[in-house]
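Trainee: Sharing a sequence plus its predicted fold:
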Protein chains: 2
Amino acid sequence: MQERSEPEAARGPRRGRGRRPTAEVRADVLDAAGALLLERGMGGFTIEAVAERAGVSKTTIYKWWPSKGALALDGYFHAVESVLAFPDSDDVEADLTAQLRAFVRILTGTPAGRVIAELIGQAQTDPELSAALLERYSDPRRELAVRRMRRAQTEGQLRPDVDPEVLVDQLWGACYHRLLMPSLPLVEEFATSLVANLLRGVRA
Amino acid sequence: MQERSEPEAARGPRRGRGRRPTAEVRADVLDAAGALLLERGMGGFTIEAVAERAGVSKTTIYKWWPSKGALALDGYFHAVESVLAFPDSDDVEADLTAQLRAFVRILTGTPAGRVIAELIGQAQTDPELSAALLERYSDPRRELAVRRMRRAQTEGQLRPDVDPEVLVDQLWGACYHRLLMPSLPLVEEFATSLVANLLRGVRA
C-alpha cells in the first residue's frame, strides 16, 4: 500500500499498459478498491476512483470485473480477509469468539458495515449483484468458517452430527440480522453470547 | 375478507367518508394491503390499489400511514400475524420449531419472502423506511418471540441467564440470513436444526 502515496510521476513505467505482471496489477486494483471502500463507503466508490488510485485504466478493470458491485465485493473481501482470519488454537470456542468479535468490530468501527449492508440491500432487487454477492462474498466466507468448524468436529470439539453450515447462519447470520434490522445494537458482547449459547446449549 | 368480492355498488353507504367506525376502516385497509402484498409482491403494491380494494380514499390512507413502505409493513405484519402466532404447549422446543417452520413456509411458499427481503433491502438506503421497519415490524415481532421464551424461562425450560433477544437473532435472524444471502436453501428442516442446535448445544 505504501507506493500509493508516491507522486504519480515517480511510478513511471509501472503505469504503462501491459508492463506489469497481471497478478500484480490485479492485486493493486483490489488494494485500491478495498481501501477506497473502507475510507468512503459505497457513496464514494466509483470505477474511476479505483482506476486512478491503482494507476490502471478503466478498461483494465472492466476486463476482470463486470460491474462496480462485483469490484466492490472483491475489494471488500480482500480488505477484510486478513482481519477475519480464524485463530488456530485448540479451543474452538475461543477461536470462534475472537473471530466473531473482530467481525463485529469491522462492521461497527469502520464504514465496512454500511458498505456490506448497502450491497446486500441492493442485491435484493438486482439479480446480477445478487449472483456476485453469493459468488464473491457469501460462498467463500462461508467456506472459511465451515472449514474451521469441520476441523473442530474432527478434533472432537463439536458434535459430528451438527451441520456447520447451519452454525454459520446462527453466528455470522445473527450479526447480519442486527446490522440490517438494528432493533438492538451490534456489540462485541453479543458475539460472545452467540458462541456460548450454541456451544453450551440454552436448555435449563 | 369475504365482502371484498361483493360488487362495489352493493357496499353503498359503507363507502361514504366518516360513516364507518375508524377501527373498521383501518382493519379494511390492513386486510387489503396484506392481501395485495401476498398476491402481487411489492411490484404491484400501490396506495391507489390498496385504497380501491379497501373502498377508501387515498387521503384516508395517508392520514394513518406516512408512506407506501409504512403501509406495506403494517399490512405485512397484519397478514402474517395469525399464521406466526406461537403454539402454547408445555414443550418450548416443539413450539419454537412449529413457529419457525411456519415462518419458513411463509417466506418461501408465498411472495412474502420477496416482499420482506425488498423492504429490508430498500431500508438500507432509506432512513424513513428503516425507522418504519423497526417500529412496525422488527420490534413487535421480536417482542412476541421474546415473550414466549421468557415464559419458558419462568417455567424452567430455558436457562435464566440466557438473553432471549440473542436467541431471536440466532433463530429468526438465521432465516433472514438465508433469505437475503441465499448461498443455501431456506427449508423447513433448517428451521428444525436451528432450534435443536441451541437447545441441545453443539459441543461434543
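Mentor: The structure has been received and is ready for your questions.

Trainee: Could you measure from the most centrally placed residue in chain A over to residue B:203?
Mentor: By C-alpha atoms, centre = their mean, chain A has its centre lying nearest to residue A:77, at 3.4 Å. Distance, residue A:77 to residue B:203, using C-beta to C-beta, to the nearest Å: 30 Å. Every residue, glycine included, has its C-beta placed from N, CA and C.

Trainee: Does the residue nearest to the centre of chain A lie in a helix or a strand, and which?
Mentor: helix A:68-81 (DSSP states H and E).

Trainee: roughly how far out does that helix sit from the chain middle?
Mentor: Chain-centre distance of helix A:68-81: 7 Å, with C-alpha atoms, centre = their mean, to the nearest Å.

Trainee: elements contacting that helix?
Mentor: helix A:22-40, helix A:47-54, helix A:112-123, helix A:127-133 (3 or more C-beta pairs under 8 Å, 6 or more residues apart in numbering or on different chains; DSSP states H and E).

Trainee: Return the most buried member of the ones you listed.
Mentor: Among the helices and strands packed on helix A:68-81, helix A:112-123 has the highest mean neighbour count (mean count of other C-beta atoms under 10 Å in any protein chain shown), at a mean of 22.

Trainee: about what we covered before: mind checking which of the helices and strands packed on helix A:68-81 is nearest chain B?
Mentor: helix A:112-123 (3.1 Å; C-beta to the nearest C-beta).

Trainee: Could you confirm whether the closest one reaches chain B?
Mentor: Yes: using C-beta under 8 Å from any C-beta of the partner chain, helix A:112-123 reaches chain B at A:117-118, A:120-123.

Trainee: Same list, those, but as JSON lines with pLDDT please.
Mentor: JSON lines is the format used below for the residues of helix A:112-123 next to chain B (pLDDT from 0 to 100):
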{"residue": "A:117", "pLDDT": "96"}
{"residue": "A:118", "pLDDT": "93"}
{"residue": "A:120", "pLDDT": "96"}
{"residue": "A:121", "pLDDT": "95"}
{"residue": "A:122", "pLDDT": "92"}
{"residue": "A:123", "pLDDT": "94"}
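
Trainee: of all these, which comes closest to residue A:184?
Mentor: residue A:117 (15.5 Å; C-beta to C-beta).

Trainee: who's in contact with residue A:156?
Mentor: Each residue near residue A:156 by C-beta atoms under 8 Å, 6 or more residues apart in numbering or on different chains is listed here: residue B:204.

Trainee: what does stretch A:25-39 contact?
Mentor: By C-beta under 8 Å, 6+ apart, stretch A:25-39 touches A:1, A:4, A:20, A:44-45, A:49-51, A:53-56, A:60-61, A:64, A:71-72, A:74-76, A:78-80, A:110-112, A:115.

Trainee: can you rerun that using 6 Å?
Mentor: A:1, A:45, A:49-50, A:53-54, A:56, A:71, A:75-76, A:78-79, A:110-112, A:115 (C-beta atoms under 6 Å, 6 or more residues apart in numbering or on different chains).

Trainee: The residue nearest to residue A:102 when sequence neighbours are not counted in helix, strand or coil?
Mentor: Leaving aside its sequence neighbours, residue A:102 sits nearest to residue A:83 (C-beta to C-beta, 6 or more residues apart in numbering or on different chains; 5.7 Å). Classification of residue A:83 using DSSP: H, G, I helix; E, B strand; the rest coil returns coil.

Trainee: Kindly report the same for residue A:56.
Mentor: The local conformation at residue A:56, judged by three-state DSSP, is coil.

Trainee: Would you tell me which residues of chain A are close to chain B?
Mentor: Proximity of chain A to chain B (C-beta under 6 Å from any C-beta of the partner chain) is limited to residues A:117-118, A:120-121, A:124-125, A:134, A:138-139, A:142, A:156-159, A:162, A:165-166, A:169-170, A:173-174, A:176-177, A:180-181, A:183-184, A:193, A:197-204.

Trainee: List only those of those residues flagged as buried.
Mentor: Using 16 or more other C-beta atoms under 10 Å in any protein chain shown as the burial test, these include A:117-118, A:120-121, A:124, A:134, A:138, A:142, A:157-158, A:162, A:165-166, A:169-170, A:173-174, A:176-177, A:180-181, A:183-184, A:193, A:197-199, A:201-203 as buried.

Trainee: that older thread, against residue B:70, how distant is the residue nearest to residue A:102?
Mentor: Distance from residue A:83 to residue B:70, counting by C-beta to C-beta: 38 Å.

Trainee: Mind checking which of the two has more residues around it?
Mentor: Higher neighbour count among residue A:83 and residue B:70: residue B:70, with 18 against 13, using other C-beta atoms under 10 Å in any protein chain shown.

Trainee: list the contacts for that one?
Mentor: Neighbour list for residue B:70: residue B:132 [criterion: C-beta under 6 Å, 6+ apart].

Trainee: Let me see the confidence value for it.
Mentor: We have a pLDDT of 92 for residue B:70.

Trainee: cool, residue A:126 as well?
Mentor: The model's pLDDT for residue A:126 equals 91.

Trainee: Next, give phi and psi for it.
Mentor: Taking degrees, to the nearest 10, you get phi -130, psi 100 for the backbone angles of residue A:126.

Trainee: Now do it: how many residues are near it, please.
Mentor: 16.

Trainee: Would you check which pair of the contacts of stretch A:25-39 lies furthest apart?
Mentor: Based on C-beta to C-beta, the longest span within those runs between A:56 and A:110 and measures 25.0 Å.

Trainee: out of the two, which sits in the more crowded spot?
Mentor: Applying other C-beta under 10 Å to residue A:56 and residue A:110 shows that residue A:56 carries more neighbours, namely 21 against 17.

Trainee: need the contact list for the more buried one.
Mentor: Counting by C-beta under 6 Å, 6+ apart, residue A:56 has contacts residue A:25.

Trainee: quick one: it and chain B, what's the gap?
Mentor: 29 Å (C-beta to the nearest C-beta, to the nearest Å).

Trainee: so of the buried ones among the residues of chain A next to chain B, which ones are in helices?
Mentor: In helices, defined here by DSSP state H, the members of those are A:117-118, A:120-121, A:142, A:165-166, A:169-170, A:173-174, A:176-177, A:180, A:193, A:197-199.

Trainee: for residue A:165, what are its contacts?
Mentor: Residues in contact with residue A:165 (C-beta under 6 Å, 6+ apart) are residue B:184.
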